[in-house]
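Novice: turn this into a structure:
(one chain, ligands or ions: 1)
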Amino acid sequence: MARRKPITAQKSVAKERKPEEKRPSNAERSAYFARREAAKVLRSTLQGDDRRRAVGSIKSLVYSPSVRNKKATYALVCQTLKYLEVIKDVMEAANILSAKWKKQKELMYIITYDLLFGQEGSLTGDAEKYLTLKKDALQSALSRILRHKGVKNVEDLVTLDKISELQKPRYVRVNTLKIDTEFAIRELGQQYAVEKDDMVPDLLILPPGADLHKHPLVMNGSVLLQGKASSMAAVALDPKPGWEVIDACSAPGNKTVHLAALMKGKGKIIACELNKERVNRLIDNVKLAGATSILCIISCL
Ligand SMILES: C[S@@+](CC[C@H](N)C(=O)[O-])C[C@H]1O[C@@H](n2cnc3c(N)ncnc32)[C@H](O)[C@@H]1O
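Specialist: Numbering: from 1, shown residues only. Coordinates of the predicted model:
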């Protein structure tokens with residue numbers, strides 16, 4: 001007569017077997033890849049130095065042959081950008097990202113968008129699982145921010161952010177390698193009320209909403225659309241003509257060409273840049289600004 005296996009042994013084998021993970025459906029897999037492709041596009045977009053250029057590049061980035069699900073990727077990038085300031089505030093308030101996840105912050109922004117404002121249902125992927133576990137913390141951080149800003153919903157918050165952005169003055173920096181500041185004030189003054197900044201020489205303040213992207217002085221590199229914080233770095237160093245300066249993270253080159261101007265085109269600047277495409281942008285901007293003579297560009301690939 002055949003002997004039956006002891007029941008206890010069968011039970012322990014059953015206990016050791018891991019519960020089988022549900023295989024993701026095609027839709028879940030496709031959404032998983034769209035989030036990663038969107039994160040790559042978002043990363044390149046956020047490295048753009050002004051919003052107009054960034055928006056212009058989203059389509060070209062999404063339409064590159066490596067992006068498989070173009071429609072979903074484009075929608076995810078645009079929607080995440082719409083809520084980006086809110087998402088950043090929420091993530092900071094929730095304080096949930098370790099150094100490991102911070103390295104993939106664009107993917108974190110995309111997934112947080114999906115969790116808070118996007119699709120319902122479970123999201124496939126390790127980063128998604130991590131953030132899903134933190135969803136309560138993200139939602140309560142969002143509620144705190146809404147309460148603090150005195151708005152009822154996230155759409156009101158986005159509108160509030162847009163209004164305060166529209167009220168900010170516009171800064172432009174005069175490239176003194178090409179023109180002097182008084183000439184720039186006269187030229188720009190034909191269209192706008194122009195004031196000099198009291199901290200950064202050659203930095204001009206224009207009214208909120210002033211749009212100089214297509215202004216001839218901007219197009220020919222005589223005036224740069226550079227914010228006040230960015231313009232303070234080279235001034236703080238106070239380089240003299242003849243110095244040798246290293247700009248360790250240089251593209252798109254705003255500070256590099258500012259250094260060149262402060263050094264009056266004399267000396268040497270070693271501009272390092274890791275990203276190949278951004279090296280090309282750096283070279284274009286340096287040429288446009290007329291700063292080539294003192295520059296040595298190192299592509300740190
Ligand atoms: C915020 S941007 C710099 C902006 C620039 N200083 C300006 O004023 O226009 C940072 C740049 O540093 C580059 N970068 C990051 N790590 C780097 C590294 N280890 N070596 C060289 N470049 C690096 C990035 O690719 C990016 O282009």
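Novice: residues contacting Ile283?
Specialist: The neighbours of Ile283, taking C-beta atoms under 8 Å, 6 or more residues apart in numbering as the test, are Ile297. Where C-beta positions appear, they are placed from N, C-alpha and C, glycine not excepted.
Novice: which helix or strand contains it?
Specialist: In this structure, Ile283 sits in helix 276-289 according to DSSP states H and E.
Novice: may I see the buried residues of the host helix or strand of Ala141?
Specialist: For Ala141, the host element (DSSP H and E) is helix 135-149. Of the residues in helix 135-149, those scored as buried under the neighbour-count criterion (16 or more other C-beta atoms under 10 Å) are Ala137, Leu138, Ala141, Leu142, Ile145, Leu146.
Novice: what distance do you get for the nearest residue to the fifth one once chain neighbours are set aside to Leu212?
Specialist: What sits nearest to Ile145 in space, not counting adjacent residues and going by C-beta to C-beta, 6 or more residues apart in numbering, is Asp89, at 5.6 Å. Between Asp89 and Leu212 the distance, using C-beta to C-beta, to the nearest Å, works out to 29 Å.
Novice: thinking again about what came up before, and the helix holding Ala141, what does it pack onto?
Specialist: Judged by 3 or more C-beta pairs under 8 Å, 6 or more residues apart in numbering; DSSP states H and E, the packing partners of helix 135-149 are helix 84-94, helix 105-117, helix 154-166.
Novice: can I get it as CSV, trimmed to CA atoms?
Specialist: Extracted C-alpha coordinates of helix 135-149, given in CSV (Å, rounded to 0.1, in the frame of the first residue of the first chain):
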residue,chain,number,x,y,z
LYS,A,135,0.9,57.7,-1.6
ASP,A,136,-0.7,58.6,1.7
ALA,A,137,2.2,60.8,2.7
LEU,A,138,2.1,62.5,-0.7
GLN,A,139,-1.6,63.1,-0.4
SER,A,140,-1.4,64.5,3.0
ALA,A,141,1.5,66.8,2.0
LEU,A,142,-0.7,68.0,-0.9
SER,A,143,-3.6,68.7,1.5
ARG,A,144,-1.3,70.7,3.8
ILE,A,145,0.0,72.8,0.9
LEU,A,146,-3.6,73.5,-0.3
ARG,A,147,-4.6,74.5,3.2
HIS,A,148,-1.5,76.7,3.6
LYS,A,149,-2.1,78.5,0.3
